[in-house]
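Engineer: Fold the stuff below for me.
(chains A and B)
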Amino acid sequence: SAVISQKPSRDICQRGTSLTIQCQVDSQVTMMFWYRQQPGQSLTLIATANQGSEATYESGFVIDKFPISRPNLTFSTLTVSNMSPEDSSIYLCSVVTDTQYFGPGTRLTVL
Amino acid sequence: GQNIDQPTEMTATEGAIVQINCTYQTSGFNGLFWYQQHAGEAPTFLSYNVLDGLEEKGRFSSFLSRSKGYSYLLLKELQMKDSASYLCAIQAGTALIFGKGTTLSVSS
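Structural biologist: Numbering: from 1, shown residues only, chains lettered A, B, ... in the order given. Now for the predicted structure:
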């Protein structure tokens, strides 16, 4: 199992600004994933973050917009840069241990 | 690429049985997952199928046919608290790719 915490749980931001979301896991994990869930939609994978290497981004997501850090095996950050209202979404951190677990999510509203 | 299809919405009554179908096309397959997601909460793991057949876990069962690209989640003895979204997800590489989810509404 895995217990995942995320900070902040929610935020309201102005367009053009950036927000960094933190993800902390209670055990060491090799791979961490960042997902986005837009209102009323399912989860879309943004990127896979492995410790010690650059994140791998899915089609439609780029590092300049969503830079990711993975400094150790229990922690990762996702930054949403130069935000616009279209970035309003829930951002979820996820890890794989015996199965895939999800953090509680960060609800972001961009005005 | 991957394509995952589920019905958008389903309704059922307390005590009933409901089957949520999922069909998929994928270039790789390492397993199929079902998750439950209540409004405003993170998805929680329900089941995992990698081989053909039925996996039973209490009131919930999940079936997989790899040759048909088909799975279903069976919920028995429905309770009001089962009202949620049910997400079918394929593991083609390392991460999960999700379908759009099925919103189940259980009424009394």
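Engineer: B:Asn49 contacts B:Tyr24, correct?
Structural biologist: No - at 11.7 Å, B:Asn49 does not count as touching B:Tyr24 under the criterion of Cβ atoms under 8 Å. Quick note: C-beta positions are derived from backbone N, CA and C, even for glycine.
Engineer: neighbour count winner among these two?
Structural biologist: The neighbour comparison of B:Asn49 against B:Tyr24 (other Cβ atoms under 10 Å in any protein chain shown) goes to B:Tyr24, with 22 against 19.
Engineer: Buried ones in the strand or helix carrying the more buried one, by neighbour count?
Structural biologist: Applying DSSP states H and E as the criterion places B:Tyr24 in strand B:18-25. Residues of strand B:18-25 classed as buried: B:Val18, B:Ile20, B:Cys22, B:Thr23, B:Tyr24 (neighbour count, 16 or more other Cβ atoms under 10 Å in any protein chain shown).
Engineer: swap in stretch B:65-85?
Structural biologist: Neighbour counts over stretch B:65-85 (16+ other Cβ under 10 Å) mark B:Gly69, B:Ser71, B:Tyr72, B:Leu73, B:Leu75, B:Leu78, B:Asp82, B:Ser83, B:Ala84, B:Ser85 as buried.
Engineer: tell me the contacts of the spatially most central residue of chain A?
Structural biologist: With the centre of chain A defined as its mean C-alpha position, the nearest residue by Cα atoms, centre = their mean is A:Trp34, 3.8 Å away. With contact taken as Cβ atoms under 8 Å, 6 or more residues apart in numbering or on different chains, A:Trp34 is in contact with A:23, A:45-47, A:49, A:66, A:68, A:76, A:78, A:91-94.
Engineer: related to what we said a few turns ago, which other residues reach the strand holding B:Tyr24?
Structural biologist: Identification of contacts with strand B:18-25 by Cβ under 8 Å, 6+ apart yields B:2-7, B:10, B:12, B:32, B:34, B:68-75, B:78, B:86, B:88, B:90, B:99, B:102, B:104.
Engineer: Could you spell out the sheet neighbours of that strand, each with its direction?
Structural biologist: Sheet pairing for strand B:18-25, assigned by DSSP bridges, gives strand B:3-5 (antiparallel), strand B:70-75 (antiparallel).
Engineer: where does the most far-flung residue of chain A relative to its centre fall, phi/psi-wise?
Structural biologist: Distance from the C-alpha centroid of chain A peaks at A:Asp98, with 20.5 Å (Cα atoms, centre = their mean). In terms of degrees, to the nearest 10, the main-chain angles of A:Asp98 are phi -80, psi -30.
Engineer: Could you report the distance from it to chain B?
Structural biologist: According to Cβ to the nearest Cβ, to the nearest Å, A:Asp98 stands 9 Å off from chain B.
Engineer: mind listing what the nearest residue to that residue once chain neighbours are set aside touches?
Structural biologist: Nearest residue to A:Asp98, sequence neighbours excluded (Cβ to Cβ, 6 or more residues apart in numbering or on different chains): A:Ser1, at 6.8 Å. Residues near A:Ser1 by Cβ under 8 Å, 6+ apart: A:Thr97, A:Asp98, A:Tyr101.
Engineer: From A:Arg10, how far out is the last one?
Structural biologist: The spacing between A:Tyr101 and A:Arg10, counted by Cβ to Cβ, to the nearest Å, is 20 Å.
Engineer: for chain A, what are the nearby residues on chain B?
Structural biologist: Neighbours of chain A within chain B, by Cβ under 8 Å from any Cβ of the partner chain: B:33, B:41-45, B:48, B:85, B:87, B:89, B:91, B:94-101.
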